[in-house]
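*Asks:* Predicted structure and sequence below. I'll ask about it afterward.
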Amino acid sequence: MTGIEGAVGLIARSEKFILVTHIKPDGDALGSLLGLADVLRSMGKRVLCYLEEEVPELYRFLPGATLIETSLTAVRNFQRTVCGEIVVIALDCGDMNRLGKSGPLLRDIHPFSVIDHHKGNGGFGDVNWIEPHRSSTGEMIVDLVEELGVGLSPRAATCLYTALVTDTGSFRYASTSSHTYRVAARLVECGAEPGKINEQLYDNYPLKRLLLMQQVLGTLRMFADDRIGVICVRRSMLEQTGASLADTENFINLPRAVNTVQVAVFFKEGEDMISVSLRSRGDCDVSIVAARFGGGGHALASGFRVDGIGLDDLQNKVLRELLLQLDG
């Protein structure tokens, strides 16, 4: 089954759910997860939210964040203690690899459903609802709630507004549509408070984040007549500042803000992987470049993760691919 009708039918006839999202979760991932969880619970359904890692500090203000389980033991216990069919819903997840190491175990639970807005998601569930033109998965969840004919609590509205505002860059990105604004208005009517949410997201940083930002800005390099802006964070910077990769949320917007930049690139050196974020102003489809390294996403916002290569070598390879895409 595909489309919103398949998702509505599955939810309407089911009573027990495990909700999951991608590793390194952003605001859309967590907002969609927690917003849908609140809605399902209001319908009298049993819900377990699972995340492979701790909720990033930036998003711990979201209602329900403390209820997210981070141990597979909790998933197994849920399976053992509830009777009957359990539905898994993967939210904002472009492919199964993005579920992390727990992906295969979760995918073995049926029915498995996917709700997502990423380009290139071919549908890896039994029930798939994928709309790449959407601004966010959170926007899709609001439409899902409308189809289910249930209300939104202020808790759910707060989570889903966070999903919307983060994935649209505060309604600045081209993916923002008139429908996105209508959805945002509905969420405010249901109790979301934009001022308070924005304060939590953008005016509530720990000092370690700003110290890390200072070091990352020092890595800024420009290429291709200043059309490509590149920054990076190395492990040594994290150790010196006491920050983590979770503190780099939205750093990609630093080079993107340069008025000549068409493509921004952010390299993040982890313990065993290098993560790369790509952003485009519109003339370069960065999802094509991300796909060449095993990743994906949208034309204007994509990324990938690799191992077995040094940061400097990877930067050179990515720059070559971007130049081909820009000038090809």
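*Replies:* Done, it's in.
*Asks:* Please parse this protein into its domains.
*Replies:* Listed by automatic domain parsing, the domain ranges of the chain are 3-202, 207-327.
*Asks:* need those domains in CSV with mean pLDDT and mean neighbour count, can you?
*Replies:* In this view, the C-beta of every residue, glycine as well, is placed from N, C-alpha and C. Shown next, in CSV, are the domains of the chain (pLDDT from 0 to 100; neighbours: other Cβ atoms under 10 Å):
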stretch, mean pLDDT, mean neighbour count
domain 3-202, 96, 19
domain 207-327, 95, 17
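*Asks:* Show me the helices in the chain, by range?
*Replies:* Along the chain, the segments classed as helices by DSSP state H run 3-13, 27-42, 72-81, 103-107, 137-148, 154-167, 178-189, 194-202, 207-217, 235-241, 253-256, 286-292, 311-327.
*Asks:* Throw those helices into CSV and include distance to G94, thanks.
*Replies:* Listed next are these as CSV, based on distance: least, Cβ to Cβ, whole Å:
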stretch, distance to G94
helix 3-13, 17
helix 27-42, 11
helix 72-81, 21
helix 103-107, 12
helix 137-148, 11
helix 154-167, 13
helix 178-189, 20
helix 194-202, 23
helix 207-217, 26
helix 235-241, 26
helix 253-256, 21
helix 286-292, 10
helix 311-327, 19
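*Asks:* Ok, which of the ones you listed comes nearest V265?
*Replies:* Closest approach to V265 among the helices of the chain (Cβ to Cβ): helix 311-327, 6.4 Å.
*Asks:* How far off centre is the closest one?
*Replies:* 24 Å (Cα atoms, centre = their mean, to the nearest Å).
*Asks:* what's that helix in contact with?
*Replies:* By Cβ atoms under 8 Å, 6 or more residues apart in numbering, the residues outside helix 311-327 that reach it are 223-224, 227-228, 230, 232, 234, 262-263, 265, 267, 269, 274, 276, 278, 283-286, 288-289, 292-293, 306, 309.
*Asks:* Then stretch 184-202?
*Replies:* 27, 58, 61, 142, 151-158, 160-162, 164-166, 170-171.
*Asks:* if I look at F112, how far off is I89?
*Replies:* 8 Å (Cβ to Cβ, to the nearest Å).
*Asks:* what do you get for L207?
*Replies:* 37 Å.
*Asks:* Tell me who's in contact with the residue nearest to A12 when sequence neighbours are not counted.
*Replies:* Of all residues not flanking A12 in the chain, L148 sits nearest, at 6.9 Å (Cβ to Cβ, 6 or more residues apart in numbering). Counting by Cβ under 8 Å, 6+ apart, L148 touches 8, 11-12, 39, 43.
*Asks:* do V261 as well
*Replies:* Counted by Cβ under 8 Å, 6+ apart, V261 has contacts 222, 226-229, 255, 281.
*Asks:* repeat for T260
*Replies:* For T260, counting by Cβ under 8 Å, 6+ apart, the contacting residues are 222, 225-227.
*Asks:* Strands - which of those residues land there?
*Replies:* M222 (DSSP state E).
*Asks:* Of the contacts of T260, which is the nearest to E53?
*Replies:* Proximity of the contacts of T260 to E53 (Cβ to Cβ) peaks at M222, which lies at 33.4 Å.
*Asks:* so the closest one makes contact with I228?
*Replies:* Yes: judged on Cβ atoms under 8 Å, M222 makes contact with I228 at a distance of 6.9 Å.
*Asks:* how much space is there between the nearest residue to P104 once chain neighbours are set aside and L322?
*Replies:* For P104, ignoring the flanking residues on the chain, the nearest one in space by Cβ to Cβ, 6+ apart is M96 at 7.9 Å. Look at M96 and L322: by Cβ to Cβ, they are 27 Å apart.
*Asks:* L210 now?
*Replies:* Counting by Cβ to Cβ - L210 and L322 are separated by 29 Å.
*Asks:* For M1, give me the pLDDT.
*Replies:* The per-residue pLDDT reported for M1 equals 67.
*Asks:* circling back: mind checking the helices of the chain for the one nearest to F124?
*Replies:* F124 lies closest to helix 103-107 among the helices of the chain, at 7.4 Å (Cβ to Cβ).
*Asks:* For that closest one, give me every contacting residue.
*Replies:* Residues outside helix 103-107 that contact it (Cβ under 8 Å, 6+ apart) are 18, 20, 50, 72, 75, 88, 90, 96-97, 99, 112, 124.
*Asks:* Among those, which pair sits farthest apart?
*Replies:* Most distant of the contacts of helix 103-107, by Cβ to Cβ, are L72 and F124, 19.4 Å apart.
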